[in-house]
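**Q** Let me see the structure of the following:
(chains A and B)
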Amino acid sequence: MKIIYKQLENLQEIEVEIRYREMDDDVRNVIRHVEQCGQAITGEDCGRVYKIPVVGIYYAESIEKKTFIYTKEAMFRSELRLYQLYGILKSHGFIQVSRSCIVNIDVLESLTTLLNSRLEATLVNGEKIHVSRTYLADIKDAFTSKEEAL
Amino acid sequence: MKAFIKQWLLVFALVVLSVFCVSSIFTGYWEISIFVLQLLAATFVICLFQQLIERLPVKSYLLKYLMNFAMVLASVFGLGRLWNWYASGSALIVFASVIPAFAGAIVLDLFWIRNDVNFINRQIQLRKQKKQEENNDC
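**A** Numbers count the residues shown, from 1 in each chain, chains lettered A, B, ... in the order given. Sure, this is the predicted structure:
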């Protein structure tokens, strides 16, 4: 893949042109990644509303019917319910790992079986989250389909 | 592998059911076939309760295993009493036959979970390698 950078002083916003011979999984993957860069979800922190880029979201969880979005270092409150958020983020590589948590597949570092038969996922920032066995098959499927797409 | 074992056991169950039922139709001897159908019904009840237990908000898997075990025992004893399974034998036989079946199911369950976890970890490593290669190319 060849990447061409061009600086144009009078451009209003970033433009990305993807040239390809035929539309295959590689091209779709590039398009998906580029589209992800531009998308954002709003979240609230200390009364201020922020635009959180989808690629920067590590995971989201629901605690007592409140939804929280976690990035590498920050946490935001979302007005959306977890299932609504999952509906938006599903196509951006997010997977449900328990009834109350969805994770960005790209930030998964490893999965571990604990001695008490519980499952735990470690994220790239070292954070650990609980994984429900009920969703294990779905996680496996997500990786299988991602592998096919890559 | 998991799908293969499931398929194999499903076919086995269908073969057992059809062999016993068809032979009963021809011979007129239904006792064993009725017992096989009772086992089928008992399995259905156990699976149904298992689904209900799975939906309970219990976080400890050990507690879930114990609840499942108690449920299997209660179902087998209850249905066994209903269908007179213990008329000629001791209830201890039922208890002794439930334990290995349950232990086998737990071992298989843990084996499959470990397998799935290993598969997912391999995929994570593969994706990391691919990303690294892509970054190096750029």
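**Q** is any part of the helix or strand hosting B:S75 close to chain A?
**A** Per DSSP states H and E, B:S75 falls inside helix B:61-82. Yes: with C-beta under 8 Å from any C-beta of the partner chain as the criterion, chain A is reached by helix B:61-82 at B:Y61, B:L62, B:Y65. For every residue, glycine as well, the C-beta is placed using N, CA and C.
**Q** And those, which is closest to A:T71?
**A** The nearest member of those to A:T71, counting by C-beta to C-beta, is B:Y61 at 30.6 Å.
**Q** Return the distance of the closest one relative to A:D141.
**A** Separation of B:Y61 from A:D141 (C-beta to C-beta, to the nearest Å): 22 Å.
**Q** Over to A:L115?
**A** Counting by C-beta to C-beta, the gap from A:L115 to A:D141 is 27 Å.
**Q** now do A:I14
**A** In terms of C-beta to C-beta, A:I14 sits 34 Å off from A:D141.
**Q** same check, this time on B:E54
**A** 19 Å.
**Q** now the chain, which segments are flagged as low pLDDT?
**A** By default, I'm working from chain A. A:36, A:116-117, A:145-150 (pLDDT under 70).
**Q** that answer is for a different chain, and I need it for chain B
**A** B:2, B:87-91, B:135, B:137-138.
**Q** any chance you could map the strands in it?
**A** With DSSP state E as the definition, chain B shows no strands.
**Q** what about B:Y61 and A:D141, which has more around it?
**A** B:Y61 (17 against 11; other C-beta atoms under 10 Å in any protein chain shown).
**Q** I'd guessed that one sits against A:L114; true?
**A** No: applying C-beta atoms under 8 Å, one finds B:Y61 not in contact with A:L114, separated by 9.3 Å.
**Q** returning to what we had before: nearest to chain A among the residues of helix B:61-82 next to chain A?
**A** Closest approach between those and chain A, by C-beta to the nearest C-beta: B:Y61, at 3.9 Å.
**Q** From chain A, how far off is the most centrally placed residue in chain B?
**A** By C-alpha atoms, centre = their mean, chain B has its centre lying nearest to B:A105, at 5.8 Å. Computed as C-beta to the nearest C-beta, to the nearest Å, the B:A105 to chain A distance reads 14 Å.
**Q** Same check on B:I32?
**A** Taken as C-beta to the nearest C-beta, the span from B:I32 to chain A is 36 Å.
**Q** Could you pull up the residues touching that residue?
**A** B:F20, B:S24 (C-beta atoms under 8 Å, 6 or more residues apart in numbering or on different chains).
**Q** how about the strands in chain A?
**A** Under DSSP E, chain A gives strands at A:40-45, A:48-53, A:59-63, A:66-70, A:75-78, A:94-98, A:101-104, A:108-113, A:119-123, A:128-131.
**Q** Of the ones you listed, which is nearest chain B?
**A** strand A:108-113 (5.0 Å).
**Q** The closest one: partners in the sheet, and parallel or antiparallel?
**A** When pairing is defined by DSSP bridges, strand A:108-113 lines up against strand A:119-123 (antiparallel).
**Q** quick one, what contacts the residue lying closest to B:L73 once chain neighbours are set aside?
**A** Leaving out its chain neighbours, the residue that sits closest to B:L73 by C-beta to C-beta, 6 or more residues apart in numbering or on different chains is B:V98, at 5.8 Å. Residues near B:V98 by C-beta under 8 Å, 6+ apart: B:V72, B:L73, B:V76.
**Q** unless I'm mixing things up, the first one is touching B:T43, no?
**A** No: using C-beta under 8 Å, B:V72 and B:T43 do not qualify as a contacting pair, with a distance of 10.2 Å.
**Q** So those two - more neighbours on which side?
**A** Using other C-beta under 10 Å, the more surrounded residue of B:V72 and B:T43 is B:V72, with 20 against 12.
**Q** How much space separates that one from chain A?
**A** Taking C-beta to the nearest C-beta, one finds B:V72 at 18 Å from chain A.
**Q** contacting residues around that residue?
**A** Here B:V72 is in contact with B:I46, B:V98, B:F102 (criterion: C-beta under 8 Å, 6+ apart).
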